[in-house]
Structure formats: C-alpha cells, structure tokens
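A.B. asks: Predicted model, plus sequence, below.
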Amino acid sequence: GYQLNGKKQIINNISRAGAVVIQVRTADPSQNLGAKSHSLFFIDFSQLDQNQYNILARYSTQGVHSCQIEGIEFKQCFISDETLLGQIGYAFNYGLSAFQITRAVLPAASLGTIETAIKITTEYCSHRILYQKNLFAIPNIRALLIESWLEYSIAQNLSYTTIRALHVLPKQMCVLASLAKAHIP
C-alpha cells in the first residue's frame with residue numbers, strides 16, 4: 001500500500017463526498033521523473049482511519065456559492081494498493097485526457113447563461129426609450145447588441161463542432177478543446 005502525508009487545498013464538495021480521486025506524488029523527488037512522478041488514487045473515506053485525515057476549512061468564493069471549496073490533509077494515512085487508478089506514474093497523462101473532454105464540454109455549458117443574458121438585453125432594448133428613441137435606434141447600442149449576438153453564434157457553433165469532434169476526431173481534441181476553452185468564455 002501507500003502512506004499519504006500532505007494536503008490538497010482546493011477540492012470542490014469534499015465534505016459532502018464519500019470518496020475522492022486524488023493525484024499523489026509516488027516517485028521520490030530526487031528521481032526527477034517529471035510528469036511520471038504522480039499517480040491517481042480513488043480514496044473511499046469509509047476505508048480510512050478518521051484520525052489520519054481531516055477536511056480543511058472552507059474557502060470563501062465569489063460567484064460560486066453552491067460550491068463548497070475546501071481541502072484535505074493526510075497525516076500518516078495508509079491506503080491499499082487497490083486504490084491506485086490505472087498505472088503508477090500516469091496521473092499527468094490521465095489529466096490531459098480528461099482536459100480534452102472537460103475543455104470541450106464545460107465552455108458549452110456556459111452558453112445557456114450567455115444566451116439568456118443577451119435575450120433579456122434585447123427585450124429590454126426593444127421597449128426602452130432614451131432621448132425619444134428606441135434603444136435600437138442608437139447606433140452604438142445597436143452595434144454592441146449585434147456584436148454580442150455574433151460572438152454568441154460563433155461560440156455556439158464552435159461548441160457544437162468541438163463536442164461532436166469528441167466522437168470522430170479524438171486525436172485532434174488537444175487542439176479543438178483548447179480553442180473552445182480559450183474562445184468561448
């Protein structure tokens with residue numbers, strides 16, 4: 001098995017969870033293995049001695065009130081060999097594979113909020129009168145709203161393309177997912 005010592009400071013909802021997947025350094029730092037120095041473990045809290053770990057205090061966040069951002073600290077905490085996920089030293093590779101999916105899917109999930117905001121703004125502009133004119137009659141406001149709809153349409157099309165590419169172009173996802181992550185937000 002393995003003995004865990006140290007802490008992970010930013011984990012979402014860990015105090016609500018019954019288990020955690022965590023990346024742990026498994027190579028001696030003097031070996032200079034770089035990306036091959038960490039491994040992934042699935043740790044079921046019910047299998048641990050409660051005196052060997054503790055949940056760290058909640059961090060204050062802005063804008064994500066439903067997320068409980070906390071951490072965990074391990075002190076001489078034993079975990080068995082069966083908790084290892086995949087191969088030893090492959091946590092970085094697994095993380096990169098997961099990013100190709102999350103970078104494609106998560107930005108697309110934000111588009112619903114953006115669409116709603118633009119619709120509300122458009123509706124407001126259609127009814128609001130300023131300087132005896134409808135807001136659409138003011139060139140700057142009209143240009144900003146058109147630009148917002150255009151940017152939204154580009155982001156939506158990029159998200160559709162990227163998500164569909166997950167199935168047919170998995171080897172190209174490192175580029176497409178990075179593009180989606182950079183442009184859509």
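C.D. replies: Looks like it came in fine.

A.B. asks: Correct me if wrong, but Cys77 is in a strand.
C.D. replies: Yes - counting by DSSP: H, G, I helix; E, B strand; the rest coil, Cys77 is located in a strand.

A.B. asks: Please report how far the closest residue to it other than its chain neighbours lies from Phe41.
C.D. replies: Nearest residue to Cys77, sequence neighbours excluded (Cβ to Cβ, 6 or more residues apart in numbering): Gln52, at 3.8 Å. The way it works is simple: take the backbone N, C-alpha and C, and place the C-beta from them, glycine included. As defined by Cβ to Cβ, to the nearest Å, Gln52 lies at a distance of 14 Å from Phe41.

A.B. asks: surely Arg25 meets Ser37?
C.D. replies: Yes - between Arg25 and Ser37 a contact is recorded at 5.7 Å, counting by Cβ atoms under 8 Å.

A.B. asks: Comparing the two, which residue is more hemmed in?
C.D. replies: Set Arg25 next to Ser37 and count neighbours by other Cβ atoms under 10 Å: Ser37 wins out with 17 against 14.

A.B. asks: Hmm, Gly89 and the more buried one touching each other?
C.D. replies: Yes - checked against Cβ under 8 Å, the pair Ser37 and Gly89 is within contact range at 6.8 Å.

A.B. asks: what is in contact with the two at once?
C.D. replies: Shared contacts of Ser37 and Gly89, defined by Cβ atoms under 8 Å, 6 or more residues apart in numbering, comprise 26-27.

A.B. asks: partner residues bridging Lys8?
C.D. replies: Ile72 (DSSP bridges).

A.B. asks: And for it, the neighbour number?
C.D. replies: By the criterion of other Cβ under 10 Å, Lys8 has 17 neighbours.
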